[in-house]
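> I need the structure of the sequence given here:
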Amino acid sequence: MSADDALMVAAEGIDKAISHLSKEFRQIRTGRATPALIENIMVSAYGSQMAMKQCGTISVPEARQLLIKPFDPQMLKEIEKSIIASDLGVTPQNDGKVVRLNLPALTEERRKKLAQEIKSKGEDAKVVARNARRDAIKDLEKLQKDKLITEDDLKKLKDDVQGQLKSAEKKIDDEVSKKTEEIMEI
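Residues are numbered from 1 along each chain as shown. Below is the predicted model of the structure:
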């Protein structure tokens, strides 16, 4: 492994932490309907488990409503069961052709819990990013110990990795602030 490889691995680990956080945030209900809330709910279909987005089209006809039109109308009951079993807290309405989900407004208590959950997920992402930094620094120190890079190079490379981490932590904090504001809106 070279110094460039160690830096690249650190950058990839940090980027993965940020992208995972973004995916997690898309699945948190904010009072507005978005297909990301349900697209990864698993549905029992044809003897196996499929993601909701593979079972039908998901649309947003109104700000607080999701509409699921299954590709196979026989899937309506399974889609309903999966939504009820999920922790979304919404009761599906089946009219024989589509499933509607009317999302109620969030209570103040629920908003505060979601804000805490968002902050916790942000901290988890920072831990993952810091672990990527730690691993990269270990690799760089091994390179220096094996005399493949100098002590000055090691210090410069450590500073580069630290800079990547600082940038990532700022992005994570920005994402957390943005999502928290979105949750707390009425």
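> walk me through the domains of this structure.
Domain assignment for the chain, taken from automatic domain parsing, gives 3-26+107-184, 35-102.
> show the end-to-end separation of the shortest one, please.
Pointing back at domain 35-102 there. With Cα to Cα, to the nearest Å applied, domain 35-102 spans 13 Å between its terminal residues.
> how far does it sit from its chain's centre?
What separates the centre of domain 35-102 from the centre of its chain is 20 Å, taken as Cα atoms, centre = their mean, to the nearest Å.
> quick one: mean pLDDT for that domain?
Domain 35-102 carries an average pLDDT of 89.
> quick one, longest helix in this protein?
helix 108-145 (DSSP state H).
> and the next helix or strand along the chain from that helix, what does it pack onto?
Per DSSP states H and E, the first helix or strand lying C-terminal to helix 108-145 is helix 151-184. In terms of contacts (3 or more Cβ pairs under 8 Å, 6 or more residues apart in numbering; DSSP states H and E), helix 151-184 is packed against helix 3-26, helix 108-145. (Glycine included, C-beta is placed from N, CA and C.)
> so which of the ones you listed is nearest Gly47?
Proximity to Gly47 (Cβ to Cβ) singles out helix 3-26 among these, at 27.9 Å.
> what's the helix or strand following that closest one in contact with?
Note on helix 3-26: by DSSP H and E, the next helix or strand toward the C-terminus is strand 42-45. Applying Cβ atoms under 8 Å, 6 or more residues apart in numbering, the contact partners of strand 42-45 are Gln49, Met50, Ala51, Met52, Cys55, Met75, Glu78, Ile79, Lys81, Ser82.
> I'm done for today, thanks for sticking with me.
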